[in-house]
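Undergrad: Sequence plus the predicted model coming up.
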Amino acid sequence: MPQETLPTAATARNVLARNARRAPVLDEERLLELLGRDLTLSPQDRVNSVNLFMLDRANLNGYAPRKRNGANAMKLIIGNRNYSSWSLRGWLACKQSGLHFEEMTVPLLGADWDVVRHTDPFAPSGGKVPILWDGDGPDAAVAWDSLAIIDYLADKVGRDRFWPRSDAARAMARSMVAEMHSGYAALRGQMPMNIRRRAQDFAITPEVRSDIVRILTLWAEARARFGQGGPFLFGTFCAADIIYAPVVSRFMTYGVPVPGFASAYMDAVWSHDWMQAWADAAQSEVWTIPQVEEVAR
Ligand SMILES: N[C@@H](CCC(=O)N[C@@H](CS)C(=O)NCC(=O)O)C(=O)O
């Protein structure tokens with residue numbers, strides 16, 4: 001796994017800054033031409049360019065989703081798969097919806113991030129990912145924030161795809177999701193998601209320990225009361241599993257010791273096809289975020 005940091009040299013960022021506003025459409029041919037003419041690129045730079053290009057094609061010059069079977073495809077903008085836990089949740093939510101969507105990955109906190117985050121596609125969220133664009137032109141629907149994306153998609157395809165049917169199970173699932181979304185500050189801050197990494201002898205602080213205990217307690221209760229129909233928190237894969245999936249990854253990265261039932265649950269999440277696909281893609285990403293890597297040392 002490459003550990004080098006993103007280059008600070010002017011790369012595709014400058015190309016976009018110079019041309020995106022002037023050119024009505026910065027298409028692939030034009031971008032490659034500009035890159036070839038103006039810049040000497042390292043392999044790392046090329047990856048950034050491709051991603052900026054993908055973004056450009058989708059949105060930089062106005063939102064223009066491609067059609068599939070006559071219907072507009074939704075577009076999900078996500079950050080680095082290795083690090084962006086909220087992106088993982090938004091992406092899993094799109095998978096769970098069963099709807100077709102296109103995805104665009106932007107490397108967070110890299111040399112280009114400060115430029116990219118101020119472009120139009122990021123305006124609704126104020127420069128954060130994930131963002132889901134659905135539709136065309138001024139009437140396009142846009143949902144940002146992972147929980148809003150879950151709610152938006154559940155409204156679109158039916159609540160049962162995302163939430164347990166019984167009132168008792170659903171009330172608990174919704175509460176667990178809300179709690180993850182608004183809480184666990186210590187765990188989120190001190191154990192950032194880093195899918196590729198396996199930390200040795202990671203020191204768990206008392207604040208993180210109490211977040212972990214709370215999460216394990218909730219997992220245990222959900223599994224015991226509502227988990228009969230399958231290996232996930234409420235039996236079948238649902239919004240609660242989507243929201244806790246990055247926690248599974250964190251527990252693995254930082255070597256958190258867990259009881260057997262939690263280990264079995266984590267195995268189920270980790271071996272889910274979508275998680276495997278996400279983790280594989282995270283493995284092949286070349287970007288690193290040094291401040292997150294530092295935490296695991
Ligand atoms: N509450 C939001 C959080 C979104 C968020 O903080 N995303 C992070 C990536 S995981 C981000 O965009 N960070 C880049 C930045 O703030 O510059 C959600 O649920 O989606």
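TA: That came in fine, so what should we check first?
Undergrad: Contact residues of this protein facing the ligand?
TA: 79, 84-87, 108, 127-130, 145-147 (C-beta under 6 Å from any ligand atom). The C-beta positions use only the backbone N, C-alpha and C, and glycine is treated the same way.
Undergrad: switch to 5 Å and redo it
TA: Residues of the chain that fall close to the ligand, judged by C-beta under 5 Å from any ligand atom: Gly79, Ser84, Trp86, Leu108, Lys128, Val129, Asp145, Ser146.
Undergrad: just these: which has the poorest pLDDT?
TA: Note: of the residues of the chain next to the ligand, the lowest pLDDT belongs to Leu108, at 92.
Undergrad: Surely that one touches Gly127?
TA: No. Leu108 lies out of contact with Gly127 (C-beta atoms under 8 Å); the separation is 10.1 Å.
Undergrad: tell me the average confidence for stretch 191-199?
TA: Mean predicted confidence for stretch 191-199 is 97.
Undergrad: Buried ones in it, by neighbour count?
TA: The neighbour-count check on stretch 191-199 (16 or more other C-beta atoms under 10 Å) flags Met191, Pro192, Met193, Asn194, Ile195, Arg196, Arg197, Ala199 as buried.
Undergrad: Check stretch 90-100 too.
TA: Buried residues in stretch 90-100, defined by neighbour count with 16+ other C-beta under 10 Å: Gly90, Trp91, Leu92, Ala93, Cys94, Lys95, Gln96, Ser97.
Undergrad: So, low pLDDT: which residues of the stretch 1-150 of the chain?
TA: 1-72 (pLDDT under 70).
Undergrad: hang on, the earlier thing: what is the most widely separated pair among the buried residues of stretch 191-199?
TA: Met191 and Arg196 (14.6 Å; C-beta to C-beta).
Undergrad: what about stretch 278-286, distance to the chain center?
TA: 12 Å (C-alpha atoms, centre = their mean, to the nearest Å).
Undergrad: Could you do stretch 150-159 as well?
TA: The answer for stretch 150-159 is 18 Å, by C-alpha atoms, centre = their mean.
Undergrad: again, but for stretch 151-162
TA: 19 Å.
Undergrad: Report the distance from the longest helix seen in the chain to the chain centre.
TA: Taking DSSP state H as the criterion, the chain has its longest helix at helix 206-226. Distance of helix 206-226 from the chain centroid (C-alpha atoms, centre = their mean) equals 23 Å.
Undergrad: for the closest residue to the ligand within the stretch 151-297 of the chain, what are its contacts?
TA: Nearest to the ligand in the stretch 151-297 of the chain, going by C-beta to the nearest ligand atom, is His181, at a distance of 6.3 Å. Going by C-beta atoms under 8 Å, 6 or more residues apart in numbering, His181 touches Ser146, Leu147, Ile243.
Undergrad: Distance check, it against Ser146.
TA: Counting by C-beta to C-beta, to the nearest Å, the gap from His181 to Ser146 is 7 Å.
Undergrad: Could you name every residue contacting both of those two?
TA: Joint contacts of His181 and Ser146 (C-beta under 8 Å, 6+ apart) are Ile243.
Undergrad: helix, strand or coil for Glu102?
TA: strand (DSSP: H, G, I helix; E, B strand; the rest coil).
Undergrad: quick one: Ala168 is in a strand?
TA: No. With three-state DSSP as the criterion, Ala168 is assigned helix and is not in a strand.
Undergrad: what's the neighbour count on it?
TA: The number of residues packed near Ala168 is 10, by other C-beta atoms under 10 Å.
Undergrad: Can you read off the pLDDT for it?
TA: Value for Ala168, per-residue pLDDT: 98.
Undergrad: was I right about Arg117 contacting Ile131?
TA: No. Judged on C-beta under 8 Å, Arg117 makes no contact with Ile131 at a distance of 10.7 Å.
Undergrad: List phi and psi for Val256.
TA: phi -70, psi 120 (degrees, to the nearest 10).
Undergrad: list the contacts for the nearest residue to it once chain neighbours are set aside?
TA: Among residues not flanking Val256 along the chain, Ile212 sits closest, at 6.0 Å (C-beta to C-beta, 6 or more residues apart in numbering). By C-beta under 8 Å, 6+ apart, the contact list for Ile212 reads Leu187, Ile204, Phe251, Val256.
Undergrad: The first one: neighbouring residues, count only.
TA: The reference is to Leu187. 25.
Undergrad: wait, doesn't it sit right on Val247?
TA: Yes. With contacts counted by C-beta under 8 Å, Leu187 reaches Val247, the gap being 7.4 Å.
Undergrad: Name the residues contacting each of these two.
TA: Joint contacts of Leu187 and Val247 (C-beta under 8 Å, 6+ apart) are Ile215.
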